[in-house]
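[1] what follows is a predicted protein model with its sequence.
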Amino acid sequence: MKRISGFVALFLLSGAAWAQDNNYESLARLFSQTNPQGSARMQAMGGTHTALGADVTTLSGNPAGLGFYTRSELSISPMFSQINNSSQYISRTQDASTNQFTLGNVGIILAGDKRNPVRSSRWVGGSFGASYSRQNILKSSIRFGDRNQYSSMADYFAQYANDEAKGSSAGVTAFDFKKDLQANGNVFDYPTSMYYYGLLIDPGSPSGPPYSGTEPHKTTNQSFAFNSSGYTSQWNFAYGANYMNKLYVGLGFALARMSYTTSKVMTENFENPNAISGFTYNNDLTTSGKGFNISAGLIYRPSDIVRVGVSITTPTWYTINESAGQGLQTRLARPFEVSEDTNPEWDNSLPGTLRSAGFNVTTQNGTNYITSVPQLSVLPFDSQYRLRTPMKLAGGLGLFFGKVGFISLDAELINYSNMKFSSDDPNADGGLSDGYYTGIVRNTYRNVANFKLGGEVRADQVSFRAGISYYQDPYKQTSQFNSLDRARWIYSGGIGYKTDKFYADAAVLYGVQTTAYTPYILSTTQDYASAKIKNTTTTGVLTVGVYF
């Protein structure tokens, strides 16, 4: 029997889940997602920095903006985020929230000497910068549940076991599960062995398949919990130059890092059970990776009023390590009979094997009964793969009104459909190396255009800012996704104070998005449900900087 990783089971289990999830294509989108980032000033204006310049944010956006610097600068930007999810599942709504305090940005700009263009070269200055920027916060918490009269996750376990049996040339039988029990005890090599000895799938023949879920046609009270933590970040290094105070060009290099940990727990309790009162299933994933990207850009200033900018950022090429695991705790309503009729792999050695694995087994009138089931799990599965994120092309327009202020508009094109997986790790899922998951990406995602609008009004040393950002739904509008628009809107505002030596800026951002989550899928659509989730995020950013 072929080893099936815990992550593969997780992928299939979440194949229709289009929220923060653990299947490969959803992870690729999550690690590629963009948000307003950098200084509080730019975040307050919706992240519209492509045509502006003279801000530490340009290090991770349009490096040409460094050419505007006339003096050196050091800044730091702590940030705090509150993430809320309101989830409707069947007929019940539940709320969950979490928060995150982190360092959003820290950077230094070293400005070169300015030269008189009449007496020397037409290149009149340049600046080098280095920064750390938090690109995305991946922390979240989701809760939902209700009374389900149509199906149980145990039905999915049975469907998965049947599909695995069909896909195996040797066939996957109950006797294979027994070999796994004998070899590993209650920490199994195969997820299906855990489902079987967790008493959640019943054999339909002496050899095993077809399997059916335990407690068929029973109403179950379901409760689902999802928790995640993590981030994507970059160390940015860039240089920007100034040509005659008209054209600004820049080149940047970034070392990217990501970390993402999730925990998913599904609890079910059956009403009027025959043997199994309920179970708790957990699925955990830990992912970390490193990569790099290159950016280049230019800003042209035809007059003091107008600035036009464009930048391009290559894909980030990540190498990612993952570790996945599953666990199961089954609760019995009454002792579970172990006999040849109920367990085709039964023989005289089975009760002893079960006891050594932690099961409580008693014998009455020559019949063996399981009276309790231990905590079961699947052996941790570790592997490595490579991910190429989308390329990003950004354009910006800035209109300046003397010392009164300005407005700025950005548009960015992101080719999500060009994300790609690869792997040469023999332990990794074969779909990563043979193009299977890359094909899913191309069939699932489309290229998008995101838009950002922001502005600033100045009153002496005080500035007032506001902005709005629109992130287009990256999913293709096929019949499977037509019912939900997953576009993100982020509304922002802020205030700043500046002197010749010092500045302080504050920003508040409020983001809203509707997503969905399906805890398991079955062959018949009417037999399972999805949770509709309204996500709101409130973020506060403070930037303090000095000139030198």
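    Received, thanks. Numbering: from 1, shown residues only.

[2] going forward, measure contacts and count neighbours with C-alpha atoms only.
    Will do.

[3] what distance separates the start and the end of stretch 209-223?
    29 Å (CA to CA, to the nearest Å).

[4] buried sites along it?
    Residues of stretch 209-223 classed as buried: 209-215, 218-223 (neighbour count, 16 or more other CA atoms under 10 Å).

[5] which among those residues gets closest to I312?
    Looking at the buried residues of stretch 209-223 and their distance to I312, the nearest is S223, at 44.6 Å (CA to CA).

[6] so what's that closest one up against?
    R143, F144, G145, D146, M266, T267, E268 (CA atoms under 8 Å, 6 or more residues apart in numbering).

[7] and it, how far is that from L255?
    Between S223 and L255 the distance is 40 Å, computed by CA to CA.

[8] what does G38 give?
    In terms of CA to CA, G38 sits 16 Å off from L255.

[9] so between the two, which is more surrounded?
    Between G38 and L255, G38 has the larger neighbour count (other CA atoms under 10 Å), namely 30 against 18.

[10] test my guess that the more buried one contacts V56.
    Yes: between G38 and V56 a contact is recorded at 6.9 Å, counting by CA atoms under 8 Å.

[11] overlap in contacts, those two.
    When CA under 8 Å, 6+ apart defines a contact, no residue borders G38 and V56 alike.

[12] helix/strand/coil for Q182?
    helix (DSSP: H, G, I helix; E, B strand; the rest coil).

[13] flag the shaky bits of the stretch 201-350 of the chain, pLDDT-wise.
    Across the stretch 201-350 of the chain, residues meeting the criterion (pLDDT under 70) sit at 206, 339-347.

[14] that one: helices as residue ranges?
    350-356 (DSSP state H, counting those that start in this stretch).

[15] again, but for the chain
    6-13, 24-32, 40-44, 153-167, 174-184, 191-197, 350-356, 430-433, 436-444 (DSSP state H).

[16] which positions within the fourth one qualify as buried?
    Pointing back at helix 153-167 there. Buried residues in helix 153-167, counted by 16+ other CA under 10 Å: M153, A154, D155, Y156, F157, A158, Q159, Y160, A161, N162, E164, A165.

[17] if the closest residue in space to the second one that isn't next to it in sequence is in a bridge, with which residues?
    On the basis of CA to CA, 6 or more residues apart in numbering, the spatially nearest residue to A154 that is not a chain neighbour turns out to be G213, at 4.8 Å. With DSSP bridges applied, the residues forming beta bridges to G213 are I201.

[18] ok, now how distant is M79 from L542?
    Distance from M79 to L542, counting by CA to CA: 6 Å.

[19] do the same with V448
    Where L542 is concerned, V448 sits at a distance of 30 Å (CA to CA).

[20] those two: which has the busier surroundings?
    Neighbour count, other CA under 10 Å: between V448 and L542, L542 has more, with 23 against 18.

[21] check that one and give its pLDDT.
    Per-residue pLDDT puts L542 at 98.

[22] switch to numbering from 42
    Sounds good: first residue 42 from here, last item L583.

[23] quickly list what it is bridged to.
    A547.

[24] equivalent analysis for the one 4 residues further on, please.
    When bridges are taken as DSSP bridges, the partners of V587 come out as L115, F543.

[25] got the CA positions of stretch 487-495 in PDB?
    In PDB, the C-alpha atoms belonging to stretch 487-495 read as follows (Å, rounded to 0.1, in the frame of the first residue of the first chain):
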ATOM      1  CA  ARG A 487      -6.900  34.300 -12.800                       C
ATOM      2  CA  ASN A 488      -4.800  37.400 -13.200                       C
ATOM      3  CA  VAL A 489      -6.100  40.400 -11.300                       C
ATOM      4  CA  ALA A 490      -5.900  44.200 -11.200                       C
ATOM      5  CA  ASN A 491      -5.700  45.900  -7.800                       C
ATOM      6  CA  PHE A 492      -6.400  49.600  -7.400                       C
ATOM      7  CA  LYS A 493      -5.400  52.100  -4.700                       C
ATOM      8  CA  LEU A 494      -6.300  55.700  -4.200                       C
ATOM      9  CA  GLY A 495      -4.900  58.000  -1.500                       C
END
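
[26] ok now that stretch, how far from the chain's centre?
    Centroid displacement of stretch 487-495 relative to its chain, using CA atoms, centre = their mean, to the nearest Å, is 20 Å.

[27] which residues sit against it?
    Stretch 487-495 is contacted by residues 85-89, 448-458, 506-517 when judged by CA under 8 Å, 6+ apart.

[28] quick one: contacts for D196?
    Shown in contact with D196 (CA under 8 Å, 6+ apart): I242, S253, G254, T255, P257, L563.

[29] pull up the gap between the second one and G471, please.
    Read it as S253. S253 is 28 Å from G471, by CA to CA.

[30] I'd guessed K433 sits against E453; true?
    Yes: using CA under 8 Å, K433 makes contact with E453 at a distance of 6.7 Å.

[31] what segments of the stretch 442-589 of the chain are strands?
    With DSSP state E, counting those that start in this stretch, the ranges of strands along the stretch 442-589 of the chain come out as 446-456, 461-463, 488-500, 503-512, 529-539, 543-558, 572-588.

[32] which one of those lies closest to G153?
    strand 572-588 (13.5 Å).

[33] got the angle between that closest one and strand 529-539?
    Angle, strand 572-588 to strand 529-539, by axes from the mean of the first three to the mean of the last three CA atoms, to 10 degrees: 20 degrees.

[34] what about N286, how many residues nearby?
    If you count neighbours by other CA under 10 Å, N286 ends up with 18.

[35] list the contacts for R133?
    Neighbouring residues of R133 by CA under 8 Å, 6+ apart: F185, G186, D187.

[36] ignore what I typed, I meant T328.
    M299, S300, Y301, T302, I361, N362, E363, S364.

[37] including distance to R348 and neighbour count, could these go into CSV?
    Listed next are the contacts of T328 as CSV, based on distance: CA to CA, whole Å; neighbours: other CA atoms under 10 Å:
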residue, distance to R348, neighbour count
M299, 34, 22
S300, 37, 20
Y301, 38, 22
T302, 42, 20
I361, 39, 19
N362, 43, 17
E363, 44, 19
S364, 48, 18
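
[38] including distance to Y551, could the residues you listed go into JSON lines?
    Formatted as JSON lines, the contacts of T328 follow (distance: CA to CA, whole Å):
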{"residue": "M299", "distance to Y551": "24"}
{"residue": "S300", "distance to Y551": "24"}
{"residue": "Y301", "distance to Y551": "23"}
{"residue": "T302", "distance to Y551": "24"}
{"residue": "I361", "distance to Y551": "31"}
{"residue": "N362", "distance to Y551": "33"}
{"residue": "E363", "distance to Y551": "32"}
{"residue": "S364", "distance to Y551": "33"}
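
[39] which member of these is positioned nearest Y569?
    The closest of the contacts of T328, once distances to Y569 are taken by CA to CA, is T302, at 26.4 Å.

[40] now do the contacts for the closest one.
    T302 neighbours (CA under 8 Å, 6+ apart): S269, S270, G271, D325, L326, T327, T328.
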